[in-house]
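Trainee: need a 3D model of the following:
(one chain, ligands or ions: 1)
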Amino acid sequence: MNKITAAITAVGTYVPDYVLTNKILETLVDTNDEWITSRTGIKERRILKDDTKGTSYLAIKAAQDLIAKANIDPIEIDLIIMATATPDMLVASTGAYVATEIGATNAFAYDLQSACSSFLFGMSTAAAYIESGRYKKILLIGADKMSSIVDYTDRTTCIIFGDGAGAALFEPNYEGLGLQDEFLKTDGEGRNFLKMNAGGSLLPASEQTVANNQHNIIQDGKTVFKHAVTYMADACEQIMKRNNLTNEDVAWLIPHQANKRIVDATANRMNLEDSKVLMNIERYGNTTSATLPLVLGDFEHLFKKGDTLIFAAFGGGFSWGSIYLKWAYNKK
Ligand code: UT7
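Mentor: As a prediction, the model looks like this:
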């Protein structure tokens with residue numbers, strides 16, 4: 001029997017209806033459409049306005065979209081990996097709840113957290129299980145309700161983030177398609193530059209932490225930007241070099257959507273023409289764990305069986321990397 005590789009065989013997405021435009025942000029903080037567009041590439045983001053719903057709501061919708069499109073029976077799913085930085089709650093896994101709600105009653109599920117790299121790292125985990133032969137259908141969901149941890153009086157963060165979800169199904173492939181190689185990295189020295197200070201075991205929630213506004217995401221944008229530009233490009237260069245890939249060989253770059261300028265720098269280093277660089281940041285902003293699957297969903301119709309895709313991400317932690325994957329199907 002041929003070697004088992006782990007292929008993506010279906011994708012699904014969901015974004016909430018409410019559109020938070022740059023114009024609306026101009027009424028909330030001291031900013032303007034021109035600044036946001038030129039510095040980030042973002043025009044609008046989607047926000048889940050319902051206070052009674054958490055990240056699981058977004059994840060369930062994306063999973064259901066995939067299940068309907070791929071026409072699969074959820075009881076066939078073996079494992080659900082829930083990539084998220086904004087779980088519904090601490091302790092009880094959001095993935096477990098999502099699995100039950102979508103009827104994946106034979107699956108076990110858990111959450112995987114590495115900020116904006118959660119989905120990228122989840123691809124590695126899903127692929128390793130498939131390659132081992134242990135499981136046959138793994139649903140990797142990336143979802144974040146970033147609006148639950150964004151301070152809408154802080155112009156350095158509220159212009160960037162949005163809510164959304166995407167899902168990818170991983171299955172065994174016997175033609176050598178799917179995940180080929182990965183280059184994944186972390187550096188804990190970076191954790192102070194992009195974080196939420198309170199609510200974890202280090203600084204549990206208290207009256208003081210609420211009074212000090214420590215339950216929102218904060219970042220040192222310049223430092224994060226500097227590292228993101230260097231490391232995301234490095235990771236892509238590494239993965240191309242060690243797999244002898246030229247810019248001609250790469251069909252598509254699937255980059256984390258944090259800032260258009262970071263993506264441009266990465267594409268430059270890869271010597272990749274603009275038409276191969278897939279972006280939807282202008283419509284969704286940075287949806288953290290959902291950016292990569294949202295790009296897959298939006299551009300799935302362009303991918304041909306055998307196409308070389310390079311995924312890349314950079315996020316809090318710091319965490320970053322790239323993955324080389326051969327696409328496994330033509331969209332019907
Ligand atoms: O998902 C992974 C993690 N996140 C990222 O990858 C994000 C990385 N960082 C960035 O994308 C960028 O650093 C930002 C978009 C956050 C900021 O862009 P920047 O070009 O690095 O701006 P800056 O922080 O250097 O600020 C430039 C100026 C400052 O004014 P002065 O000091 O030059 O007078 C800021 O006060 O722009 C000002 N500024 C704003 N002006 C209008 C900062 N935020 C805003 C704003 N609107 N929203």
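
Trainee: got the end-to-end distance for stretch 45-63?
Mentor: Distances were taken as Cα to Cα, to the nearest Å; on that basis the terminal residues of stretch 45-63 are 21 Å apart.

Trainee: give the buried residues for that stretch.
Mentor: With burial defined by 16 or more other Cβ atoms under 10 Å, the residues of stretch 45-63 counted as buried are 45-48, 53-63. Every residue, glycine included, has its C-beta placed from N, CA and C.

Trainee: which of these fall in strands?
Mentor: Using DSSP state E to define strands, the subset of the buried residues of stretch 45-63 located there is 45-47.

Trainee: which residue comes closest to the residue in the stretch 151-300 of the chain positioned nearest to the ligand once chain neighbours are left out?
Mentor: Using Cβ to the nearest ligand atom, the single residue of the stretch 151-300 of the chain nearest to the ligand is residue 221, 3.0 Å away. Leaving aside its chain neighbours, residue 221 sits nearest to residue 156 (5.5 Å; criterion: Cβ to Cβ, 6 or more residues apart in numbering).

Trainee: you'd agree that neighbour is in a strand?
Mentor: No - checked against DSSP: H, G, I helix; E, B strand; the rest coil, residue 156 lies outside a strand; its state is coil.

Trainee: neighbours of it, how many?
Mentor: Burial of residue 156, expressed as a neighbour count using other Cβ atoms under 10 Å, amounts to 14.

Trainee: equivalent analysis for residue 321, please.
Mentor: By the criterion of other Cβ under 10 Å, residue 321 has 27 neighbours.

Trainee: do the same with residue 266
Mentor: 28.

Trainee: that one contacts residue 236, correct?
Mentor: Yes - Residue 266 is within contact range of residue 236, at 5.6 Å (criterion: Cβ atoms under 8 Å).

Trainee: which neighbours do the two have in common?
Mentor: Shared contacts of residue 266 and residue 236 (Cβ atoms under 8 Å, 6 or more residues apart in numbering): 253, 312.

Trainee: quick check: mean pLDDT of stretch 223-240?
Mentor: Confidence over stretch 223-240 (mean pLDDT, whole number) is 96.

Trainee: distance between it and the chain's centre?
Mentor: Relative to its parent chain, stretch 223-240 has a centroid offset of 16 Å by Cα atoms, centre = their mean, to the nearest Å.

Trainee: send me it as CSV with only the CA atoms.
Mentor: As requested, the backbone C-alpha atoms of stretch 223-240 are provided in CSV (Å, rounded to 0.1, in the frame of the first residue of the first chain):
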residue,chain,number,x,y,z
THR,A,223,7.4,44.9,17.8
VAL,A,224,4.9,42.3,16.6
PHE,A,225,5.0,43.8,13.1
LYS,A,226,8.8,43.6,13.0
HIS,A,227,9.0,40.0,14.1
ALA,A,228,6.0,39.0,11.9
VAL,A,229,7.6,40.4,8.7
THR,A,230,10.9,38.7,9.4
TYR,A,231,9.8,35.3,10.7
MET,A,232,6.8,34.7,8.3
ALA,A,233,9.1,35.4,5.4
ASP,A,234,11.9,33.2,6.9
ALA,A,235,9.6,30.3,7.4
CYS,A,236,8.3,30.4,3.8
GLU,A,237,11.9,30.8,2.4
GLN,A,238,13.0,27.8,4.5
ILE,A,239,10.1,25.5,3.4
MET,A,240,10.7,26.4,-0.3
